[in-house]
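> whatever this is, show me its structure:
(2 chains)
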Amino acid sequence: MRPILMKGHERPLTFLKYNRDGDLLFSCAKDHTPTVWFADNGERLGTYRGHNGAVWTCDVSRDSMRLITGSADQTVKLWNVQKGTQLYTFNFGSPARSVEFAIGDKLAVITTDPFMELTSAIHVKRIAGDSTEQTEESVLVIKGPQGRINRAVWGPLNRTIISAGEDAVIRIWDFETGKLLKESDKESGHKKTITSLTKAADGSHFLSGSLDKSAKLWDTRTLTLIKTYSTERPVNAVAMSPLLDHVVLGGGQDASAVTTTDHRAGKFEAKFYDKILQEEIGGVKGHFGPINALAFNPDGKSCSSGGEDGYVRLHHFDPDYFNIKI
Amino acid sequence: MAAEVMLMNEIEATAAQMGIDMNIDFSSIQLPPGENCGIISDDDDVYHDDQLEFDSGFGNVIVVDNLPVVPREKFEKLEGVIRKIYSQIGVIKEDGLWMPVDPETKKTLGYCFIEYNTPQEAELAKEKTHGYKLDRAHIFAVNMFDDFDKYMKVLDEWAPPEIKPYTPGENLQKWLADEKARDQFVIRAGTDTEVLWNDARQSKTEPVYKRTYWTESFVQWSPMGTYLATVHRQGAAVWGGANTFNRLMRYAHPQVKLIDFSPGEKFLVTYSSHEPSNPRDANRVVINIFDVRTGKMMRDFKGSADEFAVGGAGGVAGNSWPVFRWGGGKEDKYFAKLGKNMISVYETETFSLIDKKSLKVENVVDFSWSPTDPIIALFVPELGGGNQPARVSLVQMPGKEELRQKNLFSISDCKMYWQSNGDYLAVKADRYTKTKKSTYTGFELFRIKERDIPIEVLELDNKNDKIIAFAWEPKGHRFAVIHGDNPRPDVSFYSMRSTHNLGRVAKLTTLKGKQANALFWSPGGRFIVLAGLKGFNGQLEFFNVDELETMATAEHFMATDVEWDPTGRYVATSVTSVHEMENGFNIWSFNGKLLYRILKDHFFQFLWRPRPPSFLTPEKEEEIARNLKKYSKKYEAEDQDVSMLLSEQDREKRRMLKEEWEKWGSEWRRAQEEEKLERQKLRDGEASDEEEEYEAKEVEVEEVLDVSEEVLSFEE
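Prediction:
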């Protein structure tokens, strides 16, 4: 089917997130307003106004009532999804790069960039059920990794936190003690900045994408490297189908290095790989710049991509897609 | 002795000088066979690997002999003269000039020592002043001080050299006997250099040898594929062997920049260029010629860059490599260099000029050897504003007889293309139009192997078309030309043997509007790749010239290089690191089917390993071509076996991967089940845990789109 082009952002996209029911799609961009869309027809439902900088990331609660967004304006905000009102603002001394609600939505993990004298850090905040009781204080702050931490997510049962970023190492931290439990192997691990990290639907394994032109699949509990998918371009975004054994890698030449001669040179395609056999099975073209964000609908029947070109492209899969045999 | 290292333009003068003056023993100039006598003192040290430093530390001292013997009164004057001569060449050290005096007669002894600041200056002084004529009776004999030591060590009596027992070497051609008849290639990417088999049947490569930092700048196969040459700071080296790559020989040449093999791979020419001590001078160029197998230096040439920079149209300066071009086919008999108003042709038996004279040709700007015969084609441009026409002539070596000559009028430029068997020579001549404002192109076609070498003139249908590329069919009688104006030029094919008239060139066809700017014939002829490199982003068209039909069109985006394998079965296209992205190579079958592609960052070189010429006679080859079906049967069966095996292996691999995945899956499901209660607790007892289990259900939905009733009439 022809993709649905969703034009609403004025600047490059940074992040995409579906709610659990798969009827809403939240998008973040370098303009200051996260936007929510109908995931079916791509209609714009509303925007969340209040940030004063690029919005890097977001997450939505399991009941689709609350949205959390992290921005370069050094704040993380909680929103009422339905009304679009701000519920609470966490202030940091540096830009917030990633956020994720824990299982149960009572905790959130937030990463902040190194800025001025501050080093990068992972913060855990308690999220109050009633936002009037929300407080600023952190449950846990982890510091240590060099450079930006591009993504931090919760491990099984909220017991661990998995982080990855510019130093190309994936780390698993103990949530109770804040201690480092595991580190990915330098030899078999990524060689360059890890740009994205996404968990499987059941959280048992996760996929990391890196500028070293590869994506790697890891076991969440043991940090065992299971698969490597190599591609021809730096990987900015990764997604895993919840339905079929497919992974999608998006990326492309760095926007500043894009050749002016031919759009094919940049490789702005989203590439589909067989998750088990590690073989390329297809690609979706269309963006005029690198792909920065990818997300699968939880039903696995559509996916969307966000590009440096400011568009979100929503793809409903053709029936053929479900019968791909290799 | 220094004649061997004389500057090129002084060779003749010096030779003449030597001829007149018999004081110098001519025989001592030649290198005695099998013994270098340490004549090349500088380099000799390098031969003994680690002994790079001068033992005695007297490398900067020369000894000048044959000075006049003078009494005390004239001592100062003589010293003044010598100082004047030698301080022109370099800086003589303080108290660096010492002329001994006989303590009894108080007369000088007829020799002196001069110490320079650097060994280079001393070397130069030796080269320049050896044979210097102070007057009739006193001709300088100059030697390096260090050399004396070496000569002293030479035994007075000849001792027979120890004969080493014969040990059979490795079979350096073993790769040709590959069971699967595969070809090898070398690639250089990043710091790694790798030799691989092209296993086209399995659509992959198979490693042969890999080494990091194998070479400092590039690698190069010898013309028949026996050796792989690498380049290092200390010199060049060649590698080869039966099963792996061992270093077979090293050739000392500090700071070597360029190398070139002779076509029969007997000799290796190395080139380096050095900053002069005096910044106003041109760079100093050193060219050495080595015997590949023994590693012995056969001859060296030293001089300023200007002397080796002649060549190119109109004598425009700029080094064109190779400086020395090899002629006479695979026997490596001759090599030649373009000079000012002359072509210096050397023969490899003695490594000296043929007849001790260069071939004098006024204003010659370009020449090329026939690939098979000792024939030189040379080009002299127009002179005197058109009074003297431009000229192409064919000269036979070693006799230097002119075989054929053709005058050409109002020529602006000219290029020569030899057919690979030396059967034909095409001269592409750009002529001025009457107004002299623009040029048009024509071809002069020489039939070398026919009596009297007939010449034909060929002009394109549209004379004003620019020629973008020209290429002879290897071993064949056809050639291809890309002509016309960008962006979509035409490609034409011509044959030197038309069907009805054997002696005439005839056009076969013209393909209109192709995206091509380069031609790559298969080494076996018949097939050609029309490639659009650079501006055309890597368009490829695989064309069959026998049938005059396109077999396939394809694209290797941004391709920079195209190379056929030596058998003409496969084509490699590569994107080298001139581009940042897409680096790597593709392997295609001869008919344009993509077999496999490999991506490598910082990809520098792709080179097929050449094969030596076939031993089959042309008749035998023709017979095989005629009965190809019979011969190919065996290989088809093999191909089928391989593909069966491959699909079997593939299935096996996939089964393994699926099994492995299943293991992970069950592990995860188990953990998930164990944690179920705890997870529910985290969610305040919300029971629905179902989001972990999405199942693909096939749902058939029947929709009635339209119902219509029709009355059908039944015919009896």
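> can you list the residues of chain B near chain A?
Within chain B, the positions near chain A by CB under 8 Å from any CB of the partner chain are B:537, B:557-558, B:580-582, B:599, B:654, B:657-658, B:661, B:664, B:668, B:671-672, B:675, B:678-679, B:682-684, B:691-694, B:696. Quick note: C-beta positions are derived from backbone N, CA and C, even for glycine.
> of the residues you listed, which belong to strands?
Counted as lying in strands by DSSP state E, out of the residues of chain B next to chain A, are residue B:599.
> ok, of the residues of chain B next to chain A, which come out buried?
B:537, B:557-558, B:581-582, B:599, B:661, B:664, B:668, B:671-672, B:675, B:679, B:682-683, B:692, B:694 (16 or more other CB atoms under 10 Å in any protein chain shown).
> tell me which helix or strand comes right after the least confident helix or strand in chain B by mean pLDDT.
In chain B, the helix or strand scored least confidently by mean pLDDT, DSSP states H and E is helix B:41-47, which has a mean of 39. Using DSSP states H and E, the next helix or strand after helix B:41-47 towards the C-terminus is strand B:61-65.
> now that following strand: buried residues?
Buried residues in strand B:61-65 (16+ other CB under 10 Å): B:61, B:62, B:63, B:64.
> how about stretch B:378-398: buried residues?
Buried residues in stretch B:378-398, defined by neighbour count with 16+ other CB under 10 Å: B:378-382, B:389-395, B:397.
> what's the answer for stretch B:114-126, then?
Neighbour-count burial for stretch B:114-126, counted by 16+ other CB under 10 Å, picks out B:114, B:115, B:116, B:119, B:120, B:121, B:122, B:123, B:124, B:125, B:126.
> just the strands in the stretch 101-250 of chain A please.
A:107-112, A:121-126, A:138-143, A:149-154, A:160-165, A:170-174, A:180-183, A:194-199, A:205-210, A:214-219, A:225-230, A:235-240, A:246-251 (DSSP state E, counting those that start in this stretch).
> residue B:470: which of those is closest?
Of all those, strand A:225-230 sits nearest to residue B:470, with 41.5 Å by CB to CB.
> tell me the contacts of residue 236?
Let's take chain A. A:195, A:196, A:209, A:250, A:251, A:252, A:290, A:291, A:292, A:293 (CB atoms under 8 Å, 6 or more residues apart in numbering or on different chains).
> sorry, should have said chain B
Here residue B:236 is in contact with B:229, B:230, B:250, B:251, B:253, B:256, B:259, B:268, B:270 (criterion: CB under 8 Å, 6+ apart).
> what pairs with the helix or strand hosting the fourth one, parallel or antiparallel?
For residue B:251, the element it lies in under DSSP H and E is strand B:246-252. Applying DSSP bridges, strand B:246-252 is found paired with strand B:235-240 (antiparallel).
> close to chain B: what parts of the stretch 1-150 of chain A are there?
A:20, A:62, A:102, A:103, A:104, A:106.
> which of these count as buried?
A:62, A:102, A:103, A:104.
> where does the prediction get shaky in the stretch 51-200 of chain B?
Along the stretch 51-200 of chain B, the parts satisfying pLDDT under 70 run over B:51-57.
> in it, what residue comes closest to chain A?
residue B:190 (12.8 Å; CB to the nearest CB).
> go ahead and confirm that residue touches residue B:602.
Yes: Residue B:190 is within contact range of residue B:602, at 4.5 Å (criterion: CB atoms under 8 Å).
> please enumerate the strands of the stretch 101-250 of chain B.
B:112-116, B:133-135, B:138-139, B:141-144, B:183-189, B:192-199, B:204-212, B:219-221, B:228-231, B:235-240, B:246-252.
> hang on, the earlier thing: closest one to residue B:87 out of the buried ones among the residues of the stretch 1-150 of chain A next to chain B, please.
residue A:102 (87.5 Å).
> reformat the contacts of residue B:236 as TSV; add neighbour count and pLDDT.
Formatted as TSV, the contacts of residue B:236 follow (neighbours: other CB atoms under 10 Å in any protein chain shown; pLDDT from 0 to 100):
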residue	neighbour count	pLDDT
B:229	24	94
B:230	24	94
B:250	18	92
B:251	26	93
B:253	26	92
B:256	23	90
B:259	24	92
B:268	26	94
B:270	23	92
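> how about low-confidence regions in the chain?
I'll assume chain A. Using pLDDT under 70, the flagged stretches of chain A are A:254-267, A:326.
> oops, wrong one, chain B.
In chain B, residues with pLDDT under 70: B:1-57, B:309-319, B:486, B:499-502, B:687-699, B:714-716.
> repeat that for 50
For chain B, the stretches with pLDDT under 50 are B:1-9, B:11, B:14-15, B:19-55, B:310-318, B:691-694.
> does residue B:643 count as helix, strand or coil?
helix (DSSP: H, G, I helix; E, B strand; the rest coil).
> among the strands of the stretch 101-250 of chain A, which comes closest to residue B:644?
Among the strands of the stretch 101-250 of chain A, if distance is taken as CB to CB, the winner is strand A:225-230, at 28.3 Å.
> contact partners of the closest one?
Here strand A:225-230 makes contact (CB under 8 Å, 6+ apart) with A:184-185, A:188-189, A:205, A:213-219, A:247, A:249, A:273, A:275-276, A:278, B:664.
> from those residues, which would you call buried?
When those are checked for burial by 16+ other CB under 10 Å, the buried set is A:184, A:189, A:205, A:213-218, A:247, A:249, A:273, A:275-276, B:664.
> tell me the SS of residue B:73?
Per three-state DSSP, the local secondary structure of residue B:73 is helix.
> please name the nearest non-neighbouring residue to the residue in the stretch 1-150 of chain A that chain B sits nearest to.
Nearest residue of the stretch 1-150 of chain A to chain B: residue A:104, at 3.9 Å (CB to the nearest CB). Closest residue to residue A:104 apart from its sequence neighbours, by CB to CB, 6 or more residues apart in numbering or on different chains: residue B:682 at 3.9 Å.
> which residues touch the one you found?
By CB under 8 Å, 6+ apart, the residues touching residue B:682 are A:102, A:103, A:104, A:106, A:157, A:158.
> I'd like to know how far the spatially most central residue of chain B sits from residue B:288.
Central residue of chain B (CA atoms, centre = their mean): residue B:260, 5.6 Å from the mean position. Distance of residue B:260 to residue B:288, computed by CB to CB, to the nearest Å: 11 Å.
> common neighbours of these two, please.
residue B:269.
> for chain B, what spans make up the helices?
B:8-20, B:41-47, B:72-87, B:119-129, B:145-153, B:305-308, B:618-626, B:628-674, B:676-682 (DSSP state H).
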